[in-house]
Every structure is written in structure tokens, then in C-alpha cells.
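Colleague: just to be clear, the model below is a prediction. Sequence and coordinates:
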Amino acid sequence: MLNPDLVGRTFTSADSVTVTKEAIQKFASVLGETNLDIAPPTFAISITLDQSQNLLQDSGLDWTRVVHGEQKFEIKRPIVAGDIFKCSSTIESARNVAGNEIVTVRSDLHADSDLVVSTWSTLVVRA
Amino acid sequence: MSTFITGQELPATTFIINRALLVNYANASGDQNPIHQDEVFAKSVGLPDVIAHGMLTMGLAGKYLSDLSGAENVIEFSAKFIKPVVVPVNTDVELIVSGKVGEIIDGRAKIELIAICNEVKVLGVAKGVIKL
């Protein structure tokens, strides 16, 4: 059960994440993307889902019972190799429906002070 | 650049999902949850078989958007994961993605997406916004 006091709080990762050319190419080729020079629209998930997972684990959720329910991306510009991101994650909402806990985490990827991509992951913790 | 008109139906693309792709996606994305690779584990947690990562299905639908506009012009993308894509061993599962052009405002077109696997919709209210 998530502590309700955590809703609305923002957690910023201590470490930056550097995006490599190899990481973009690997992700893009698996999806069959033709442009391997920029990250595909869903690439940010490879950074932010991990961050959300750490955040929720630290908040007391049982990650082994988590199902990905919903996902959204807002992309200000494509991610490219050499981007160095700081990731901040906020638990935007948490509610309990029929014993399942439904948590939405927003994660923002900033390069310097510019917001590049925001992701919203809605995770369902099965009862 | 092709011209889009509100209401226009866009041709479908078929993507193949198999166990090899799941392993490759796990390695590329870092999501090594065993429900996407290990049949015994998947069944032990009540799933019918190995299932695809929801984000792989969404990623392929994202490729459909990239093909329409170029990946650099995809500025919003969202979906719900409403049904799992079950991937039995030695099987190529077909994911059929199609789209319809929604509102076009200020050079941005909303694309409503439909993703179907074994005649069942696997993504709900899937939509992207592309810059024209």
C-alpha cells in the first residue's frame, strides 16, 4: 500500500543518465525504425520506467505485482546521442479500485534546464 | 510530405512479434521481467503463456507514427494496455496497426490508432500527435 503522503511529491535522481548512440540504435532497430540517428517516440521509457520503479519500491509498493496499465509521452524534441538527462519523478495520483492500487507517475527528463520529454506511467498493483 | 485530411483512414501495417523479438526488446529497453521471456514463470503467475512487453506493442505502434511523419515529428503518444499480446513458442504473432486522422490544428494532426492481435484490440484509446 502506497503511503498517501507521497502523492504530489517529486523525487529527483541523484545520477544523470547519458544517452549513447548504441542505446538509440539498439532500441530503434528492434522496433524496425528507419531513422537510427534519433530516439524513437517511446525511447524515454528505457530511462523513466526504471526511475518510477525505484521510486515506487522505495515507497513500499510490491513491484512483482505491478502491471503497466497506461502510458503517455510528450516530446518537446527528439532525444539524441549525447543527451545528459536529470530525471525527476512525481507520484501524481494513487487510488484504490476493487483492491487494486492504481498509481500514476510523471517523469520529466531535463537536459540542462530544458524539458525534453515527459512521460506518464500508470501502474496497477494487483490485489 | 503526404497530405492528411480529418477522417482519412490510413493503411494498416502488420508487425511480427515472436520470442526472439521479445528478447531483443528486453535487451534494448532494460525490461528483463521474466513474464516476457520465461514460459514457466509466466504461467506460475497466472498468465496463459509468455506475453509481449506492453511497451513493445506501443513501440511498434510508435513506428507506425514515425512512418507517417518521421520520428522527429511525433510530439505526443499515449495508449492503454487493455489486453496482453500472448506469444507462444515458435510462433509469429501478427500485430496489425492502423490509423485514422483526427483533428488537424496549427499544423498538428491527431492520429487515432488501432492495434489488433488475433482479432482483439490490445491497445485502448491509442493516439498520437504529429507535426505536419
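Modeller: Received, thanks. Numbering: from 1, shown residues only, chains lettered A, B, ... in the order given.

Colleague: mind telling me which residue of chain A is nearest chain B?
Modeller: A:Lys72 (3.7 Å; C-beta to the nearest C-beta). Using the backbone N, CA and C atoms, a C-beta is placed for each residue, glycine as well.

Colleague: what's the closest non-adjacent residue to that residue?
Modeller: B:Ser78 (3.7 Å; C-beta to C-beta, 6 or more residues apart in numbering or on different chains).

Colleague: wait, doesn't the one you found sit right on A:Thr42?
Modeller: No. Using C-beta atoms under 8 Å, B:Ser78 makes no contact with A:Thr42, being 10.7 Å away.

Colleague: those two: which has the busier surroundings?
Modeller: Between B:Ser78 and A:Thr42, A:Thr42 has the larger neighbour count (other C-beta atoms under 10 Å in any protein chain shown), namely 26 against 19.

Colleague: quick check, that one in contact with B:Gly54.
Modeller: No. Between A:Thr42 and B:Gly54 there is no contact under C-beta under 8 Å: 10.4 Å.

Colleague: between those two, what contacts are shared?
Modeller: By C-beta atoms under 8 Å, 6 or more residues apart in numbering or on different chains, A:Thr42 and B:Gly54 have these common neighbours: A:Gln71.

Colleague: low-confidence bits of chain A, can you list those?
Modeller: Low-confidence segments of chain A, defined by pLDDT under 70, span residues A:1, A:64.

Colleague: apply 90 and report the result again.
Modeller: The model of chain A has pLDDT under 90 over residues A:1-15, A:49-68, A:95-101, A:125-127.

Colleague: the longest strand in it is where?
Modeller: Assignment by DSSP state E gives strand A:84-97 as the longest strand of chain A.

Colleague: any idea which helix is longest in the chain?
Modeller: You didn't say which chain, so I picked chain A. helix A:45-58 (DSSP state H).

Colleague: chain B, not that one
Modeller: The longest helix of chain B (DSSP H) is helix B:54-69.

Colleague: restricting to C-alpha, output it in CSV.
Modeller: The C-alpha trace of helix B:54-69 is given here as CSV (Å, rounded to 0.1, in the frame of the first residue of the first chain):
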residue,chain,number,x,y,z
GLY,B,54,3.2,-3.6,-23.4
MET,B,55,5.8,-1.0,-24.3
LEU,B,56,7.0,-3.2,-27.2
THR,B,57,3.4,-3.2,-28.7
MET,B,58,3.3,0.6,-28.1
GLY,B,59,6.8,1.0,-29.6
LEU,B,60,5.6,-0.8,-32.8
ALA,B,61,2.6,1.5,-32.9
GLY,B,62,5.1,4.4,-32.5
LYS,B,63,6.9,3.1,-35.5
TYR,B,64,3.7,3.3,-37.4
LEU,B,65,3.5,7.0,-36.4
SER,B,66,7.2,7.5,-37.4
ASP,B,67,6.4,6.1,-40.8
LEU,B,68,3.7,8.7,-41.2
SER,B,69,5.6,11.8,-40.2
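
Colleague: right, is it up against chain A?
Modeller: Yes. Shown here: helix B:54-69 in contact with chain A (C-beta under 8 Å from any C-beta of the partner chain) through B:Gly54, B:Met55, B:Leu56, B:Met58, B:Gly59, B:Leu60, B:Gly62, B:Lys63, B:Leu65, B:Ser66, B:Asp67.

Colleague: list the contacts of the closest residue to B:Asn18 other than its chain neighbours.
Modeller: Sequence neighbours aside, B:Asp92 is the residue nearest to B:Asn18 in space, at 5.0 Å (criterion: C-beta to C-beta, 6+ apart). By C-beta under 8 Å, 6+ apart, the residues touching B:Asp92 are B:Ile16, B:Ile17, B:Asn18.

Colleague: what's the pLDDT at B:Asp92?
Modeller: In the predicted model, B:Asp92 carries a pLDDT score of 98.

Colleague: and it, how close does it get to B:Glu119?
Modeller: Going from B:Asp92 to B:Glu119 by C-beta to C-beta, to the nearest Å gives 16 Å.
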